[in-house]
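A.B. asks: only the shape, not the letters, is given here:
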């Protein structure tokens, strides 16, 4: 039974690799990762922040309303010895309570689910209750 499941899963991944519209454009032999201001990345941060404030105890019930001053402050290209391209970004977010907070985020190439898409890690200043990204989001800076 397990063998059938593995064969089926392999067939799905193989078919999706050749399906039109699912592949991303190649640039110089490899795909570029999303930019800091890409709508896909910002929507993912908004969605995951909403989940975080609802499921982590003692966080205020707020949402991200907008991003401003979005910029990249470091880019580490994929190369020998570094198999994952990384883009470090920073922005200011306006929250639904009227406050402005800094958000630091990292976009990693091909680090999405099952290596499909880019992975996004983020930290909103003051909302890292369990110190996952160290004090003041230091890990993502």
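C.D. replies: Happy to help now that I have it. These numbers come from a predicted model, not from an experiment. Residues are numbered from 1 along each chain as shown.
A.B. asks: residue ranges with poor pLDDT in the protein?
C.D. replies: 1-31, 112-116 (pLDDT under 70).
A.B. asks: what do you get if the cut-off is 50, keeping everything else the same?
C.D. replies: 1-30 (pLDDT under 50).
A.B. asks: pretty sure residue 48 sits against residue 123.
C.D. replies: No - with contacts counted by C-beta atoms under 8 Å, residue 48 stays clear of residue 123, the gap being 11.0 Å. (Each C-beta comes from the backbone N, C-alpha and C, glycine too.)
A.B. asks: and the two? Which one has more around it.
C.D. replies: Each of residue 48 and residue 123 has its neighbours counted (other C-beta atoms under 10 Å); residue 123 has more, 22 against 13.
A.B. asks: biggest strand in the chain by residues?
C.D. replies: Taking DSSP state E as the assignment, the strand of the chain that covers the most residues is strand 64-76.
A.B. asks: show me what the helix or strand that it is followed by packs onto, helices and strands only.
C.D. replies: Downstream of strand 64-76, the next assigned helix or strand under DSSP states H and E is strand 86-95. Identification of packing neighbours for strand 86-95 by 3 or more C-beta pairs under 8 Å, 6 or more residues apart in numbering; DSSP states H and E yields strand 64-76, strand 100-108.
A.B. asks: give the partner strands of strand 86-95 in its sheet and their orientations.
C.D. replies: Partners of strand 86-95 in the sheet, by DSSP bridges, are strand 64-76 (antiparallel), strand 100-108 (antiparallel).
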